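In: sequence and predicted structure are below.
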Amino acid sequence: MTVQAVATNKVKLGYALGGGAARGLFHIGVLNVLEEFGIVPDIIVGTSMGAIVGAMYAGGIKASEIKQIALQVDWRQTIRLSSLPLVGLVQEKWIMSLLKSVLQDSKFSHLKIPFACVAADLDSGKQVVLNSGSLVEAVRASISIPGVFAPAKIGKHYLVDGGLVNVVPVSVCQDMGANFIIGVNVIPDPEICDGQKKDNSIPLFADENDLEKPIVADASVVFRNRVHKIDSAIKTLALRPRPTLRGLVKRRPLILSAAPKLLLRDRPNVLEVVSQSINIVEYHIAMDNLKLANMVITPNRETIGLWQFHRAADVIALGEETAREALRMDDVARIILTENRVTAPR
């Protein structure tokens with residue numbers, strides 16, 4: 001679309017917010033900058049984490065407020081592992097508690113901006129566009145990464161993460177009537193990430209003088225219980241006054257730092273394999289999705305790990321930086337968005 005075309009056609013602006021787990025917090029920074037420029041969408045469609053952020057924004061929560069919420073959430077509690085991971089690694093009650101706290105009992109019909117989110121039918125593999133009924137149930141379906149969250153049942157259908165079929169739902173924005181679409185992709189090129197150090201740190205109790213003082217060891221949360229069992233055993237031995245055990249207790253930090261490597265034997269752990277597999281597949285889907293977008297905002301470097309929600313501040317800041325750069329570089333888009341359209345009511 002050109003500037004001249006806008007003179008005779010009112011822009012109906014759509015935001016297509018892509019999936020990417022913790023990386024999806026990037027959307028908050030993007031929305032914050034677009035809002036600063038007075039740019040507000042007429043339509044929002046989200047996939048996975050983009051569905052959470054998009055639903056909140058469509059409900060009338062300002063980007064700056066969403067940012068504060070994201071920075072205040074106890075992500076380590078929310079993304080808590082299930083003790084019986086039969087259908088999903090993460091306990092559903094914690095993620096549902098978060099969704100209900102930010103979306104409450106809202107229905108799609110209550111939203112200030114038309115919104116839809118994307119999921120995939122587990123049986124047919126087809127895209128499912130959710131745009132009516134309970135907002136919490138719809139978003140819960142859109143974020144259901146297979147193996148991490150249990151599938152969501154809506155009606156007779158089991159639904160999983162929309163990123164399996166439409167990572168950045170530009171096409172759904174078009175179907176809803178948008179004629180200028182900003183596609184926001186949060187998944188970096190796998191080649192950008194190649195060779196960069198993966199940070200899978202978790203806090204472990206490993207100070208010999210203070211059993212409650214945490215240090216950080218390089219390990220996946222999948223192995224957290226195993227490492228804690230080792231730690232518990234050493235703590236128990238510390239209570240026994242045997243000289244032969246003092247050396248073992250003294251070396252607690254070393255043992256706990258080495259334990260994950262011994263357990264993993266230098267091979268990629270489960271979450272690393274799942275994360276990188278998802279990243280590769282969804283990156284290529286996203287690149288195909290973005291061909292329909294009028295403007296693309298995407299990070300040009302590695303953001304954060306797929307599960308590093310505790311680094312919310314970092315990825316939100318990158319979203320703000322990237323959005324400002326995109327608006328600076330794309331003169332036509334900036335003119336269209338800031339001078340030739342009437343923003344939706346907030």
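Out: Done, it's in. Residues are numbered from 1 along each chain as shown.
In: domains for this protein, by residue range?
Out: Residue ranges for the domains of the chain, per automatic domain parsing: 3-194+270-339, 201-264.
In: which of the ones you listed has the lowest mean pLDDT?
Out: Here the domains of the chain differ in mean pLDDT, and the lowest is domain 201-264 at a mean of 47.
In: before we move on, which element is Gly183 in?
Out: Assigned by DSSP states H and E, Gly183 belongs to strand 180-184.
In: restrict that strand to CA atoms and write it as CSV.
Out: Once side chains and other backbone atoms are set aside, the C-alpha atoms of strand 180-184 remain, and they are given as CSV (Å, rounded to 0.1, in the frame of the first residue of the first chain):
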residue,chain,number,x,y,z
PHE,A,180,-2.7,-2.6,6.5
ILE,A,181,-1.1,-5.3,8.8
ILE,A,182,1.9,-5.1,11.1
GLY,A,183,3.2,-8.5,11.6
VAL,A,184,5.2,-8.9,14.8
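In: tell me which other helices or strands that strand touches.
Out: Other helices and strands packing on strand 180-184, by 3 or more C-beta pairs under 8 Å, 6 or more residues apart in numbering; DSSP states H and E, are strand 13-17, helix 26-36, helix 170-175, strand 295-297, helix 331-339. (Each C-beta comes from the backbone N, C-alpha and C, glycine too.)
In: can you check what angle separates it from strand 13-17?
Out: Regarding strand 180-184 and strand 13-17, their directions subtend 20 degrees when assessed with axes from the mean of the first three to the mean of the last three C-alpha atoms, to 10 degrees.
In: for the chain, which strand is longest?
Out: Longest among the strand segments of the chain by residue count, using DSSP state E, is strand 115-121.
In: what does it rub up against?
Out: Applying C-beta atoms under 8 Å, 6 or more residues apart in numbering, the contact partners of strand 115-121 are 43-47, 50-51, 54-55, 58, 108, 126-131, 138-139, 141-142, 144, 152, 157-162, 164-166, 169, 172, 176.
In: quick check: angle from that strand to strand 13-17?
Out: Between the axes of strand 115-121 and strand 13-17, defined by the same axes, to 10 degrees, the angle is 40 degrees.
In: only alpha carbons, please: show strand 115-121 as CSV.
Out: The C-alpha atoms that make up strand 115-121 are tabulated as CSV, following Å, rounded to 0.1, in the frame of the first residue of the first chain:
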residue,chain,number,x,y,z
PHE,A,115,-9.8,-9.7,18.5
ALA,A,116,-9.2,-13.4,17.6
CYS,A,117,-6.7,-16.0,18.5
VAL,A,118,-5.4,-19.0,16.7
ALA,A,119,-5.2,-22.6,17.8
ALA,A,120,-4.7,-26.0,16.1
ASP,A,121,-7.1,-28.9,16.1
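In: is it possible to mark the buried ones in the contacts of strand 115-121?
Out: By neighbour count, with 16 or more other C-beta atoms under 10 Å, the contacts of strand 115-121 hold 43-47, 50-51, 54-55, 58, 108, 127-131, 138-139, 141-142, 144, 152, 157-162, 164-166, 169, 172, 176 as buried.
In: so which of the residues you listed sit within strands?
Out: The strands, defined by DSSP E, take in 43-47, 127-130, 152, 157-161 from these.
In: which one of the residues you listed sits closest to Lys62?
Out: Ile44 (13.9 Å; C-beta to C-beta).
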